[in-house]
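Student: Generate a structure from the sequence data that follows.
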Amino acid sequence: MCTPLLRIDTIPGTYVWYPETGELRHITYMGDDEESAWAVFTDDFRYFLEDHGTAPGIRGVSVSRVVTRERIFLVGYLTDIRMNGYTIEVANLVWNDKVRTFVENFMDNNPVPPGIEFVTIFELNFHTGERRLIRVEYI
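Tutor: Next comes the predicted model:
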C-alpha cells in the first residue's frame, strides 16, 4: 500500500496564504450562510469583509472582527466598496435633513425620470464607526 505524498481536504472556512513560506493556513470559520460574491480581509487581518447577495442596486456588506468573529457592521454598497485601510464607501437610503435638502435642491434644478432612487454615499471608518457624507447619487 502506498503512502500519499499530498492530501487535500476541502475544509470550509477562511484561509490565508503566506507567499514567503508557501504556507496555506486555515485560520477560522468566518462568513455567513447568505449568498456571497466575495470576501476580503484588511491588510493586517484584523477585519473580515463579506458581500451579501448578488442582486443589482444596493447590496449588503458585513464587517467582522477576525479574533472575536463579532460582526460590527452590516451596511450597504452600490458597485464597489472602495476599501482604503479601515474605511469603505457605503450606500444608504436613509437621509438626514442636510441630505434631504441637497436632494430636494438637486431635483428642483435637474429633471429626474420617475422611478429614480436617491442614495447617500458615505465613507465609513469601521475601526472608529465614524461616517462622513461624500455625495448623493441616484440609481
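Student: Low-confidence regions, the chain specifically.
Tutor: 1-14, 26-37, 54, 93-95 (pLDDT under 70).
Student: Can you identify each of the helices in it by residue range?
Tutor: Chain-ordered helices for the chain, with DSSP state H as the definition, fall at 97-109.
Student: show me where this structure has strands.
Tutor: Counting by DSSP state E, the chain has strands at residues 14-18, 23-28, 39-41, 47-52, 59-65, 71-77, 87-92, 118-125, 130-138.
Student: Render the CA-only coordinates of stretch 15-27 in PDB, please.
Tutor: Taking C-alpha atoms only, stretch 15-27 is exported to PDB below (Å, rounded to 0.1, in the frame of the first residue of the first chain):
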ATOM      1  CA  TYR A  15      -7.600  30.600   4.600                       C
ATOM      2  CA  VAL A  16      -4.600  32.800   4.500                       C
ATOM      3  CA  TRP A  17      -1.700  32.200   2.100                       C
ATOM      4  CA  TYR A  18       1.800  33.200   3.200                       C
ATOM      5  CA  PRO A  19       3.800  33.600   0.000                       C
ATOM      6  CA  GLU A  20       7.100  33.800   1.800                       C
ATOM      7  CA  THR A  21       6.800  30.300   3.100                       C
ATOM      8  CA  GLY A  22       4.200  28.900   0.700                       C
ATOM      9  CA  GLU A  23       2.100  28.000   3.700                       C
ATOM     10  CA  LEU A  24      -1.700  27.900   3.400                       C
ATOM     11  CA  ARG A  25      -3.300  28.200   6.800                       C
ATOM     12  CA  HIS A  26      -6.900  27.600   7.800                       C
ATOM     13  CA  ILE A  27      -7.400  30.500  10.200                       C
END
